[in-house]
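>>> Below is the sequence, then the predicted model.
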Amino acid sequence: MAAVDGTALASFGMRDDPENAEPADVCLLVEGTYPFVSGGVSSWVHDVICGHPELTFAVLYVGSYPGAHGEPRYQLPSNVVALHRVFCQDSALAPLDGAGRAALREQIRTLRVEMDARSASSRVLAGLQRMHVEGEAGTDVLAALASNDLTLPELLHGRPSFQLLTTIAERVAPDAPFLDLFWHYRAIFAPVLRLLAAPTVRARCYHAVATGYAGLLAALWSHRTGRPLMVTEHGIYARERDMELARADWIRDDAGGVSEPRSTWAPRVSPLRRLWSSFFRALSRLAYVQARNIVTLSEANRVKQIADGAPPAKIEIVPNGVALHSEARPPRDEPPVADQRSVIALPARRMRVGFVGRVVPIKDLVTFVRACDVALGSVDLDVRVIGPMEEDPGYAARCRQLVARLGRSSSIQFVGPMPPARIYGDLDLVVLTSFSEGQPLVILEAYAWGVPVIATDVGACREMIEGRSDEDRRIGPSGIVTRVAAPKETGAAMVRMARDVRLRWQMGAAGHQRVTAYYQRKDMLSRYRALYEGLIEAS
Amino acid sequence: MADATNTGRHYVAPWIAASLADLVGLGLLIGVQEPWTLAAAGGCHAAALLPIAFLRRLSGSEKSLALSFVFAMPIFGALMAVLALEHGDGDGNLISDLALAPPLASEPVAGDFGRLAAALPSCEALSAGTVEERRAIIATLVRRADADAVALLRWALGASDPDLAVDAALALEELTASFDARLAACRDALAAARSGDVGAGAADTVAAAAVPATAPPESGAMTAGLAASEAALAAAELITHAIDVGVADPALVPALASEAREDYALAAADKDQSDMVAIGRTQLELGALRPDTALACIDAALPTAGADARPILISLREEALLASHALPWEGPSALASYQVRAFSHTRRPPPLTARRRLGVPPVPAASGSIRVGPVQVPGAAATRKVRNGGR
């Protein structure tokens, strides 16, 4: 690969040339999370790095564009030897004036002459064609992409690239307006070209904490250097992107009248959405193919990964884990009341309910507030929303306004982020109403403190509450599972918990037993230690 | 061949033999009541099948039919078989061999299945279609955002497929968030207008918030330079639409409806908007399940309504009458006792709320019944008769 000068490194967000630096034991590739965004995945990454002080880590952050992220939210541990950033897009370009356009035309003319004179066709373009037209995403495609023999100007202005565009138009998206397809083609492949050209960070093994762009980069580097790759997926990247694509308003469905629906209600899939979706699935498959180990958090996610093309033999389930701190309150040995009736009289103290997490739409705090409103009609609650609110101020304001309009300001408090030791010791119940989750740490932290949970049936929540194996299920439920966006159901569950102190105690004790048996941080770290050792040995 | 078959059919001996064998069996059962008679009768019945089985002149299908008759109906089966075979296609041939039968219809082609799939109801396609189709439908529903679309999304929330439920929940959240944002903009614009700060910014804000995405571009321009009454009408109509289609949070509907009523009252200060206010207010009350109030609004507005608004109000009145019967707490409705003459407005009945307050008895109906769409609503007299136990 060609040497990269300082300007080019800066354009990727790198200060030093990673190819000449001392290789780290592990290069962790993250996309849009650690260390610039707080949240479950970032906390997990921080935990993994801190949990392996004997290993050195180089962290590579894949972001959308320079300046998109703020200051780091985490203090980098001492075993992080380098933090690199790579961006899928360059800084925004200003519109060209007359002279600039003339220069660009000249540049394009020269480029085409050079490309026409070249005898061999681009392997990258061939790889992209196989990805999108033939639907392949194997080692051959990865090798073609790793050749990095196509520049961004060649993609944007070259004739072979235009030929690929027309092939896609004819064979993959014949219904799509060509002009729209032209821009989407550029939007899909330009970031890939930038990533292909990024300087390789040297390491003894690679660990991608998602598929997607980070997974692609990790697979490319693993292929180029021959160092092994491990992929850990908390959520299923391709499916999460599908959910976003379904609601993306930047994809016009009826552009040009070409793809007008046959009837108003007829199901119609936009070919452009399909193109994007197949692109993200191909990225996942490339990472799966190159990975030596694929780690997932739950059985539900494992099934989805296999459906998306992951070889079952490579997949290993390693659940998240939490530390059982000494200050964590173990559940009492006896039920809180001597009365053995399952339902006892209302407790004198208000039940303290907590929503712990970022105040963002995906957590569906609106449903939580509405559920509390339903429950407050029957029982007295002390409700706290604990978590950062600055990520989506508009949504936070909307939630606050909803609380005010429901007249529940005295019962529902927004208290902001707090350390776990101050959160769970002061709660009787944790409620999670998320639309999407992987394996929420919040649930495990609540269990560590003997606090039962009400959570929606997403991600691994059900198996965390009801048990994953027969042995696990014998412990008993450690909370109640509800449907998504079901405030009445969630509210009813809260009322049940508030009225039945014994049930709450039983579920809290089951949660503590479950986290002790299956979700301890030390177990998770020891599994990863073994995986890292295997990777380093294989390198 | 036909001749031979006919000839064969005229052989009566096998059929008589079959019936006789069954008769012998029956005679044994009745006459000799020994333990072995049941087996003997069974043997006779089996023997009855033999003459038919060896009847060579019947085609395979005819033989199968005849054997079925004889086996299923002892004694009479042979006769039934003869009758059935004689009622063939007129040529003596039984049209039962599928290979010989003429084709009923051309084989379905892929296009037919395609058309069937395209015509699937959305709820079927949501639950049975592919993930891509499902998401395409949900995206379409979000773009439509009418009452049917919202109802379908709410139905999908309860689906057994958790992925479908999540997609529907996200779509509903998107609709609700969009409504909240537009309502906030309307409120800001109204507050600015009421405080006398009718700047272009406020006007543009409310125009952008209140005008539906499907409205023509000139609608936005028309709302520029809004007065307080116009801003109030825009806010009220937005709330009315949200309640009507089901986007508004159910827990907030009473508060939102109250806010919209205040806005309509403010908007009514502009006499040019009176028809719009009446129609909007009626729709609000219908959406908030207050058909009695809706009727009162219509009756108050009809005498002065313009020519364009009249048919709409009359149509809404019919809807309100029907809705009054749909309410679970209403019996044969007193609301239905409104006279038809109300439509002519020579003598307008007092609003129901006023009559309840003042204790005025229902206005007698001019005719026996009122037609509300396809439903014939009993008139006042009939209603009272029912309520008073026929006295």
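Arrived safely, thanks for sending.
>>> quick check: mean pLDDT across the longest helix along chain B?
In chain B, assigned by DSSP state H, the helix with the most residues is helix B:162-194. The pLDDT scores in helix B:162-194 average 89.
>>> buried set for it?
The neighbour-count check on helix B:162-194 (16 or more other Cβ atoms under 10 Å in any protein chain shown) flags B:162-180, B:182-190, B:192-193 as buried. C-beta: built from backbone N, CA, C; applies to glycine.
>>> and stretch A:491-498 with chain B, contact?
No. Legend: contact between stretch A:491-498 and chain B by Cβ under 8 Å from any Cβ of the partner chain is lacking; minimum distance shown is 10.4 Å.
>>> Restricting to C-alpha, output that stretch in CSV.
This file holds the C-alpha atoms of stretch A:491-498, laid out as CSV (Å, rounded to 0.1, in the frame of the first residue of the first chain):
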residue,chain,number,x,y,z
GLY,A,491,-48.6,0.4,33.8
ALA,A,492,-50.5,-2.6,35.0
ALA,A,493,-47.2,-4.4,35.6
MET,A,494,-46.1,-1.5,37.7
VAL,A,495,-49.3,-1.6,39.7
ARG,A,496,-48.9,-5.3,40.3
MET,A,497,-45.3,-4.8,41.5
ALA,A,498,-46.4,-1.9,43.7
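>>> what's the burial count for the nearest residue to residue B:256 once chain neighbours are set aside?
Counting by Cβ to Cβ, 6 or more residues apart in numbering or on different chains, residue B:239 is the residue found nearest to residue B:256 once chain neighbours are left out, at 5.0 Å. Using other Cβ atoms under 10 Å in any protein chain shown, residue B:239 has 29 other residues around it.
>>> And chain B, what are its domain boundaries?
The record's domain parsing of chain B by automatic domain parsing lists B:2-86, B:307-391.
>>> In terms of mean pLDDT, which of these ranks lowest?
If the domains of chain B are sorted by mean pLDDT, domain B:307-391 sits at the bottom with a mean of 51.
>>> Please enumerate the helices of the stretch 401-539 of chain A.
Using DSSP state H, counting those that start in this stretch, the helices of the stretch 401-539 of chain A run over residues A:420-423, A:441-448, A:461-466, A:470-473, A:487-499, A:501-518, A:521-538.
>>> Residue A:244 and residue A:32, how far apart?
As defined by Cβ to Cβ, to the nearest Å, residue A:244 lies at a distance of 12 Å from residue A:32.
>>> higher neighbour count, those two?
Shown here are residue A:244 and residue A:32; by other Cβ under 10 Å, residue A:32 has more neighbours (20 against 12).
>>> was I right about that one contacting residue A:63?
Yes. The pair residue A:32 / residue A:63 is scored as a contact, 6.3 Å apart, by Cβ atoms under 8 Å.
>>> Report the set of residues contacting both of the two.
Shared contacts of residue A:32 and residue A:63 (Cβ atoms under 8 Å, 6 or more residues apart in numbering or on different chains): residue A:69.
>>> Any residues of the stretch 101-250 of chain B in contact with chain A? List them.
B:118-122, B:125, B:129, B:131-140, B:142, B:144, B:157-158, B:162, B:165-174, B:176-177, B:180-181, B:184, B:249.
>>> what sits against the nearest residue to residue B:167 once chain neighbours are set aside?
Counting by Cβ to Cβ, 6+ apart, the nearest residue to residue B:167 once its immediate chain neighbours are dropped is residue B:138, at 5.3 Å. If you count contacts by Cβ under 8 Å, 6+ apart, residue B:138 has them with A:246, B:126, B:153, B:156, B:167, B:168, B:171.
>>> hey, where'd the strands end up in the stretch 351-500 of chain A?
A:351-356, A:381-386, A:412-414, A:429-432, A:453-456, A:479-482 (DSSP state E, counting those that start in this stretch).
>>> Find the residue at the geometric middle of chain A.
The residue lying closest to the centre of chain A (Cα atoms, centre = their mean) is residue A:235, at 5.4 Å.
>>> Relative to chain B, how far out is that residue?
Residue A:235 is 12 Å from chain B, where distance means Cβ to the nearest Cβ, to the nearest Å.
>>> Doesn't that residue belong to a helix?
No. Counting by DSSP: H, G, I helix; E, B strand; the rest coil, one finds residue A:235 to be coil, located in no helix.
>>> I'd say it and residue A:438 touch.
Yes. With contact defined as Cβ under 8 Å, residue A:235 and residue A:438 form a contacting pair (4.7 Å).
>>> Next, show the common contact partners of those two.
Shared contacts of residue A:235 and residue A:438, defined by Cβ under 8 Å, 6+ apart, comprise A:301, A:459.
>>> element containing residue A:114?
Using DSSP states H and E, the element containing residue A:114 is helix A:98-117.
>>> Give me the packing partners of that helix, helices and strands only.
helix A:152-157, helix A:159-171 (3 or more Cβ pairs under 8 Å, 6 or more residues apart in numbering or on different chains; DSSP states H and E).
>>> Identify whichever of those lies nearest to residue A:523.
Closest to residue A:523 of these, according to Cβ to Cβ: helix A:152-157, at 45.4 Å.
>>> Just the CA trace of the closest one, in CSV.
Provided in CSV are the C-alpha atoms of helix A:152-157 (Å, rounded to 0.1, in the frame of the first residue of the first chain):
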residue,chain,number,x,y,z
LEU,A,152,-12.4,8.4,-5.2
PRO,A,153,-12.2,10.7,-8.3
GLU,A,154,-12.1,7.5,-10.4
LEU,A,155,-15.3,6.3,-8.7
LEU,A,156,-17.0,9.7,-9.2
HIS,A,157,-15.9,10.5,-12.7
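>>> what residues does that helix touch?
Outside helix A:152-157, the residues touching it (Cβ under 8 Å, 6+ apart) are A:107-108, A:111-112, A:115, A:122, A:160-161, A:186, A:189-190, A:193-194, A:197.
>>> Flag every buried residue along it.
If you call a residue buried by 16+ other Cβ under 10 Å, then helix A:152-157 has these buried ones: A:152, A:153, A:154, A:155, A:156, A:157.
>>> likewise stretch B:39-52?
So for stretch B:39-52, counting by 16+ other Cβ under 10 Å, buried means B:41, B:44, B:45, B:47, B:48, B:49, B:51, B:52.
>>> Local confidence estimate at the residue in the stretch 401-539 of chain A positioned nearest to chain B?
Residue nearest to chain B within the stretch 401-539 of chain A: residue A:485 (3.6 Å; Cβ to the nearest Cβ). Residue A:485 is assigned a pLDDT of 91 by the prediction.
>>> residues touching the nearest residue to it once chain neighbours are set aside, list them.
Closest residue to residue A:485 apart from its sequence neighbours, by Cβ to Cβ, 6+ apart: residue B:169 at 3.6 Å. With contact set as Cβ under 8 Å, 6+ apart, residue B:169 has these partners: A:364, A:435, A:484, A:485, B:157.
>>> next one: residue A:398
With contact taken as Cβ under 8 Å, 6+ apart, residue A:398 is in contact with A:366, B:177, B:180.
>>> Tell me the buried residues in stretch B:136-152?
B:136, B:137, B:138, B:139, B:140, B:141, B:142, B:144, B:145, B:149, B:150, B:152.
>>> Without its sequence neighbours, what residue ends up closest to residue A:515?
residue A:447 (3.8 Å).
>>> which residues touch that neighbour?
Residue A:447 is in contact with A:322, A:453, A:478, A:511, A:512, A:514, A:515, A:519, counting by Cβ under 8 Å, 6+ apart.
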